[in-house]
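[1] missing the sequence, but the structure's below:
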Ligand SMILES: Nc1nc2c(ncn2[C@@H]2O[C@H](COP(=O)(O)OP(=O)(O)OP(=O)(O)O)[C@@H](O)[C@H]2O)c(=O)[nH]1
């Protein structure tokens, strides 16, 4: 599975935000229907209804444009949750001022409260309660203004009970919403930890911990894949070459300079092989001081020079752990894959060539 690029991840997050925004608009659309209903019932004059719809469309368009142009990505909360919940309430509060019946206003309270639930997707407890209290204060201010300017439309005993009930409902919703929000963020944190742990497990299962090279199982799997690929390519002059590489007299190095020095040499030789092979070539550690190199799509007479390059690079290395004049050398057995040959046989030929290289004095490459 190919990893998602940052660009794709941003795109996915933006389309999710747009989807949520549309849900928010749908919620606001219900308020629009209620406003239309009140107008048709004769409880609202036309002018504020038009202002309500015009300002709602303006706010929605503005939000969509901010999202479409990616301006939201500069904000601390790119989902603009606070703005999305609070802004649509402004036209509602405005139109509520003109509703003739006090009961008509209660309808708006219900619909605005629905919007608060979107906070469960992103807001923390403090933010949820801030919005809840803003809603409540907004309604209180509206009733106070009405008391001052149109007292015939306010019946305070009913408003007092409404304000109390509204405060209770908002508090419960803010509490439950922030609880859900917290659960969501804990869940996404656990998911991130799980992903990280999975990556570590894959690393442990496929890499050799000392050299960080692919381990025996991984490099052998790669070898099998390359053999299958090479067998599929019946035409052409390129072939699959492998080299089994072994550090010479490694036991002596360990015994003379210590195991830690041996480990350091294994690491440095690994880095050198990695740096010397071509892009597309592959190396893994298959045993103590033994490595398998895979040269896919290589002209048969290029496999030996490729192995030789590595031999020379290792023999030129200097190690802090060893005396200045001490040279670490490697022997290699190279084999070119024959069409239809099994993986085992191909490997055996390379291994036998390595044996010959050791017997012929080491520090050399032998073709099997
Ligand atoms: N430091 C270190 N030594 C290792 C590790 N794995 C295997 N060895 C040692 O590598 C040595 C391999 O020794 P031999 O198989 O006799 O091979 P050699 O001494 O290199 O001799 P030739 O291959 O014939 O040149 C052993 O002493 C192992 O203990 C490792 O991870 N770290």
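    That came through fine. Please read these numbers as outputs of a predicted model, since none were measured by experiment.
[2] any idea how far residue 93 is from residue 84?
    Noted for residue 93: a distance of 16 Å to residue 84, by C-beta to C-beta, to the nearest Å. For glycine as for every other residue, the C-beta is placed from the backbone atoms N, C-alpha and C.
[3] check which helix or strand covers the residue of the stretch 51-200 of the chain found nearest the ligand.
    With C-beta to the nearest ligand atom, the shortest gap between the stretch 51-200 of the chain and the ligand falls at residue 200, namely 21.0 Å. Taking DSSP states H and E as the criterion, residue 200 maps to helix 156-206.
[4] How far away from the center of its chain is that helix?
    21 Å (C-alpha atoms, centre = their mean, to the nearest Å).
[5] same check, this time on stretch 337-345
    With C-alpha atoms, centre = their mean, you get 40 Å for stretch 337-345.
[6] go on, stretch 252-267?
    40 Å.
[7] Buried residues of it, list them for me.
    For stretch 252-267, burial by neighbour count (16 or more other C-beta atoms under 10 Å) applies to 253-254, 257, 261-262, 264-266.
[8] Closest one of the residues you listed to the ligand?
    residue 262 (2.6 Å).
[9] Would you agree that closest one is in contact with residue 250?
    Yes. Using C-beta atoms under 8 Å, residue 262 is in contact with residue 250, at 6.7 Å.
[10] returning to what we had before: and residue 93 and residue 84? Which one has more around it.
    More crowded of residue 93 and residue 84, by other C-beta atoms under 10 Å: residue 84, with 25 against 16.
[11] State the pLDDT value of the spatially closest residue to residue 59 that is not a sequence neighbour.
    Distances taken as C-beta to C-beta, 6 or more residues apart in numbering put residue 87 closest to residue 59, at 5.1 Å, once the chain neighbours are dropped. pLDDT recorded at residue 87 is 89.
[12] right, and residue 87 touches residue 58 too?
    No. Contact criterion C-beta under 8 Å: residue 87 and residue 58 do not qualify, at 10.0 Å.
[13] In three-state terms, label the most far-flung residue of the chain relative to its centre for me.
    Distance to the chain centre peaks in the chain at residue 152, reaching 58.8 Å (criterion: C-alpha atoms, centre = their mean). Look at residue 152: counting by DSSP: H, G, I helix; E, B strand; the rest coil, its state is helix.
[14] List the residues that contact residue 115.
    24, 27-28, 84-85, 88-89 (C-beta atoms under 8 Å, 6 or more residues apart in numbering).
[15] As JSON lines, those with secondary structure and distance to the ligand would be great.
    As requested, the contacts of residue 115 are exported to JSON lines (DSSP: H, G, I helix; E, B strand; the rest coil; distance: C-beta to the nearest ligand atom, whole Å):
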{"residue": "24", "secondary structure": "helix", "distance to the ligand": "60"}
{"residue": "27", "secondary structure": "helix", "distance to the ligand": "64"}
{"residue": "28", "secondary structure": "helix", "distance to the ligand": "66"}
{"residue": "84", "secondary structure": "helix", "distance to the ligand": "58"}
{"residue": "85", "secondary structure": "helix", "distance to the ligand": "60"}
{"residue": "88", "secondary structure": "coil", "distance to the ligand": "66"}
{"residue": "89", "secondary structure": "helix", "distance to the ligand": "67"}
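[16] Turn those residues into JSON lines, columns for distance to residue 12.
    Below are the contacts of residue 115 laid out as JSON lines (distance: C-beta to C-beta, whole Å):
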{"residue": "24", "distance to residue 12": "19"}
{"residue": "27", "distance to residue 12": "23"}
{"residue": "28", "distance to residue 12": "25"}
{"residue": "84", "distance to residue 12": "19"}
{"residue": "85", "distance to residue 12": "23"}
{"residue": "88", "distance to residue 12": "25"}
{"residue": "89", "distance to residue 12": "29"}
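[17] Which among these count as buried?
    Members of the contacts of residue 115 classed as buried by 16+ other C-beta under 10 Å are 24, 27-28, 84-85, 88-89.
[18] Residue 87 and residue 58: which is more packed in?
    Shown here are residue 87 and residue 58; by other C-beta under 10 Å, residue 87 has more neighbours (19 against 11).
[19] Tell me how many other residues crowd the closest residue in space to residue 288 that isn't next to it in sequence.
    Distances taken as C-beta to C-beta, 6+ apart place residue 250 nearest to residue 288, at 7.2 Å, with adjacent residues excluded. Neighbour count of residue 250, defined by other C-beta under 10 Å: 18.
[20] same deal with residue 319?
    Neighbours of residue 319 (other C-beta under 10 Å): 17.
[21] Contact partners for it?
    Per C-beta under 8 Å, 6+ apart, neighbours of residue 319: 261, 264-265, 268, 326, 328.
[22] Tabulate these in JSON lines, adding columns for secondary structure, pLDDT and distance to residue 367.
    Putting those into JSON lines (DSSP: H, G, I helix; E, B strand; the rest coil; pLDDT from 0 to 100; distance: C-beta to C-beta, whole Å) gives the following:
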{"residue": "261", "secondary structure": "helix", "pLDDT": "96", "distance to residue 367": "32"}
{"residue": "264", "secondary structure": "helix", "pLDDT": "97", "distance to residue 367": "31"}
{"residue": "265", "secondary structure": "helix", "pLDDT": "97", "distance to residue 367": "26"}
{"residue": "268", "secondary structure": "helix", "pLDDT": "97", "distance to residue 367": "27"}
{"residue": "326", "secondary structure": "coil", "pLDDT": "94", "distance to residue 367": "29"}
{"residue": "328", "secondary structure": "coil", "pLDDT": "97", "distance to residue 367": "23"}
